[in-house]
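*Asks:* After the sequence you'll find the predicted model.
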Number of protein chains: 2
Amino acid sequence: MAGRRRLSEARRIQILDAAAQVIGRRGLCETRISDIASVAGTSSALVLYYFESKDRLLAEALTYADEQFYEETTAGLSEVKSARERLARLVDLSCPYDRPGDGRLDTWLLWLELWNRSPRDAAVASSRRTLDRQWREEIAEIVRDGQAAGEFGAVDADDFALRFASLMDGLAVLVVLGDPDVSRARMLSVCLREAGRELGFDPADVAGILMDPTALTRRASRDATPGPSSAAPGPRRAARPAR
Amino acid sequence: MAGRRRLSEARRIQILDAAAQVIGRRGLCETRISDIASVAGTSSALVLYYFESKDRLLAEALTYADEQFYEETTAGLSEVKSARERLARLVDLSCPYDRPGDGRLDTWLLWLELWNRSPRDAAVASSRRTLDRQWREEIAEIVRDGQAAGEFGAVDADDFALRFASLMDGLAVLVVLGDPDVSRARMLSVCLREAGRELGFDPADVAGILMDPTALTRRASRDATPGPSSAAPGPRRAARPAR
DNA sequence: CCACGGGCTGAACGGTCATTCAAACTGCAC
DNA sequence: GTGCAGTTTGAATGACCGTTCAGCCCGTGG
């Protein structure tokens, strides 16, 4: 029975993953149960067997993917000790890659869909609110830690968190949508500069922690064409470790 | 024939208005041609007579509503002479009301839908990019004007415009979605404070131009419950002046 | 070995639209 | 008044897709 239950849980997650993937690729409106089923490698009927209806499935998939992202991010951050570096890391993880086929980009697309569904779905709205608050709280916490350790200057942590999170959201939208004026590198640069200015540190000091350290020196690269984007085969999404 | 053409144009606009209204209320996915038709006071067949397909209609409606907003806003701004007040006005107009039934809120909801459609519709993507760039250019222009007039300090106008526009976008999403932590008044306050800090003026100086001047003094009101929201009858959308 | 029950499926059902069409209507031009 | 071009509609069409269902598969417990 335990084996059954574990199997059952695995199927649910498998379907949720497939749903997130399809939604990211086709958009919420254009997502069909049969698409999700075929990506998950099963039948439409089974998808409905695990989720009452398409509506519930989509709602769950939306919040699932973003809770996923939040958990992974905060887990990754907890290992970094310096507040400055933790903040830099948070920014780095928040910046979507501007070339397609990236998991982070998919997560952002889902987040946009979630915004749209939010006004008409109380459950989604509630999840969104929780996630957003946790996210801002995460930022505020880093700021307070840094202030206690003398790494940051004096600002209202909650106020900064709201402004900084909003700035990142607004910029991320532009990056995700492939706006030629805002590359990922530029977003990174803008965010770190802003944080440094408000909290009183030199952005160059935290460049080491970034995935792409050249972002800070390379100013606002205008060439946004990402090249032929060698459509990598293989699974788009990394295998999930079992719970 | 001129009469016919004018009539035809009027119908198109009537349908686009209806479409925008329905999309705002029900969301893009849940919008049916028959809904649009009944709001416009005609038949589904006629809607298809003016627009090739549902897809085209929705895409046009999305960009139509936002181009509309942009034009009205910039027209309204051109009357204000002081750069500080012009910026304050721009902020004021950008802040959605957090109670439902407001046209500005609908416009924001459409803007969110537009973001979602953008990655999969080249025409929409192109319109979005143009509108966004115009918007940022509008901000940058105000900054440059203000600098020339000695109203603002020295900052990179384009850089400021990007950061400021992104901040407003991020905050507006929270207000539109009814996040209890971010009321319209708080958004207004945050934006004006930020602008004043970067451009070197006292936000209190421009409070006079705001629709809701108490926003600046009333700090971050936590009570976000908008009350029983007396569902106002009457037309949701102001009558449009004939072109 | 047998039966039970959860997991799974293919096929069928039914409703909901987008889209088409033939016909009616309107007002303008001649 | 006649005809024409543009406008409007109600009804018909047909595809698509969510959902249901009757039954099969298979591991497990007795």
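*Replies:* Okay, I see it. Predicted model only: the values in this text are computed from it and were never measured.
*Asks:* measure the residue of chain A found nearest DNA strand C to A:Ile33 for me?
*Replies:* DNA strand C sits closest to A:Ala45 of chain A, with a gap of 3.1 Å, by CB to the nearest atom of the strand. For the C-beta atoms, the positions are set from N, CA and C on the backbone; glycine is no exception. For A:Ala45, the distance to A:Ile33 equals 9 Å [CB to CB, to the nearest Å].
*Asks:* Repeat that for A:Val80.
*Replies:* Separation of A:Val80 from A:Ile33 (CB to CB): 41 Å.
*Asks:* More neighbours: the two, which one.
*Replies:* Between A:Val80 and A:Ile33, counting by other CB atoms under 10 Å in any protein chain shown, A:Ile33 is the more crowded of the two (21 against 16).
*Asks:* any idea how far the helix or strand A:Leu77 falls within is from the chain center?
*Replies:* Taking DSSP states H and E as the criterion, A:Leu77 maps to helix A:54-78. Relative to its parent chain, helix A:54-78 has a centroid offset of 9 Å by CA atoms, centre = their mean, to the nearest Å.
*Asks:* in that helix, what counts as buried?
*Replies:* A:54, A:57-66, A:68-70, A:73, A:77 (16 or more other CB atoms under 10 Å in any protein chain shown).
*Asks:* tell me what the longest helix anywhere in chain A is packed against?
*Replies:* The longest helix of chain A (DSSP state H) is helix A:122-148. Contacts defined by 3 or more CB pairs under 8 Å, 6 or more residues apart in numbering or on different chains; DSSP states H and E place helix A:122-148 against helix A:54-78, helix A:83-94, helix A:103-117, helix A:157-176.
*Asks:* and that helix, what's its mean pLDDT?
*Replies:* Average pLDDT, helix A:122-148: 97.
*Asks:* so that helix versus helix A:54-78, what angle?
*Replies:* If you take axes from the mean of the first three to the mean of the last three CA atoms, to 10 degrees, helix A:122-148 sits at 10 degrees to helix A:54-78.
*Asks:* Go through helix A:122-148 and flag the buried ones.
*Replies:* Buried residues in helix A:122-148 (16+ other CB under 10 Å): A:124-125, A:127-129, A:131-132, A:135-136, A:138-143, A:145-147.
*Asks:* So, low pLDDT: which residues of chain A?
*Replies:* A:1-7, A:100-101, A:211-243 (pLDDT under 70).
*Asks:* if you set the cut-off to 80 instead, what comes out?
*Replies:* A:1-7, A:99-103, A:207-243 (pLDDT under 80).
*Asks:* Let me see the contact set for the residue nearest to A:Asp179 when sequence neighbours are not counted.
*Replies:* Residue nearest to A:Asp179 in three dimensions, not counting chain neighbours: B:Arg129, with 6.0 Å by CB to CB, 6 or more residues apart in numbering or on different chains. For B:Arg129, the contact set (CB atoms under 8 Å, 6 or more residues apart in numbering or on different chains) comprises A:Leu177, A:Asp179, A:Pro180.
*Asks:* Phi and psi next, for the first one.
*Replies:* In other words, A:Leu177. Per-residue torsions, A:Leu177: phi -80, psi 0 (degrees, to the nearest 10).
*Asks:* dump the residue contacts of it.
*Replies:* Contacts of A:Leu177 (CB under 8 Å, 6+ apart): B:Trp115, B:Ser118, B:Pro119, B:Ala125, B:Arg128, B:Arg129.
*Asks:* how close does the fourth one get to A:Ser43?
*Replies:* Going from B:Ala125 to A:Ser43 by CB to CB gives 35 Å.
*Asks:* Repeat that for the second one.
*Replies:* According to CB to CB, B:Ser118 and A:Ser43 sit 33 Å apart.
*Asks:* for A:Gln14, helix, strand, or coil?
*Replies:* Look at A:Gln14: counting by DSSP: H, G, I helix; E, B strand; the rest coil, its state is helix.
*Asks:* Please enumerate residues in contact with stretch A:87-99?
*Replies:* Residues from elsewhere that reach stretch A:87-99 (CB under 8 Å, 6+ apart): A:73, A:76-77, A:80, A:102, A:104-105, A:107-108, A:138-139, A:142-143, A:146, A:168, A:172, A:175-176, A:178, A:183-184, A:187-188, A:191-192, A:195, A:199, A:206-207, A:209-211, A:224, A:226, A:229.
*Asks:* how far away is the residue nearest to A:Lys54 when sequence neighbours are not counted from A:Gly200?
*Replies:* Leaving aside its sequence neighbours, A:Lys54 sits nearest to A:Ile33 (CB to CB, 6+ apart; 5.6 Å). According to CB to CB, A:Ile33 stands 52 Å off from A:Gly200.
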